[in-house]
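A.B. asks: Sequence plus predicted model, see below.
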Amino acid sequence: MTTPSKIEGNKDEAEVLYIGTAESEHIEMYLKAIWYLREKGDTVKVSSVAKLLNVTQPSVVQMLHRLDNAGLVSYKKGNLVEITLKGERIGKQMIRNTRLLEVMMRDALKIEIDEEMVCGIEHHMKKIFTDALCTLLNHPRTCPHGLNIPLGKCCKKL
């Protein structure tokens, strides 16, 4: 979720900055983590999410209840976490964004992959940008870590 803020420059132009909310990025990180654990074939438990995100289990439980209320996961106390279709789309998009950014850094920009920078950018990418980046990179199938990059609409046209 982004909010536009207008910055006045010269009298003919105004720059618009979009400021993302920390809350939406937090939600995306949890859904990305759940998607990643499922991709690896791991059972998605509170402890596995906590370990991956380096947060406490009570923090994970609190967020899982919020995600459940938002219809992004299905979670009941003590049970395993099931991601909904809506949550799946968000988690998959975050993984796709991350892996394409890593390919861009390594292959196109010829710079060392900066995971902190990737994490900062991935939340602000719209699908049109992600698909354009994927096309620019010739639709890579794996990231530099050897993990599959989820297909986008641009890949399915091939």
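C.D. replies: Received the coordinates, thanks. Numbering: from 1, shown residues only.

A.B. asks: Three-state assignment for the spatially most central residue of the chain, please.
C.D. replies: Against the mean C-alpha coordinate of the chain, by CA atoms, centre = their mean, the closest residue is Met94 at 2.1 Å. At Met94 the chain is in helix, as set by DSSP: H, G, I helix; E, B strand; the rest coil.

A.B. asks: tell me the strands in the chain, going along the chain?
C.D. replies: 2-8, 14-20, 73-74, 82-83 (DSSP state E).

A.B. asks: Check the offset of the last one from the chain's centre.
C.D. replies: Here strand 82-83 is found 16 Å from its chain centre; the criterion is CA atoms, centre = their mean, to the nearest Å.

A.B. asks: Show me how the chain divides into domains.
C.D. replies: 22-83, 89-156 (automatic domain parsing).

A.B. asks: Save these as JSON lines, and put in mean pLDDT too.
C.D. replies: Formatted as JSON lines, those follow (pLDDT from 0 to 100):
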{"stretch": "domain 22-83", "mean pLDDT": "93"}
{"stretch": "domain 89-156", "mean pLDDT": "96"}
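
A.B. asks: Cys134 contacts Cys155, doesn't it?
C.D. replies: Yes. Using CB atoms under 8 Å, Cys134 is in contact with Cys155, at 6.5 Å. Heads up, the C-betas are built off the backbone N, CA and C, glycines and all.
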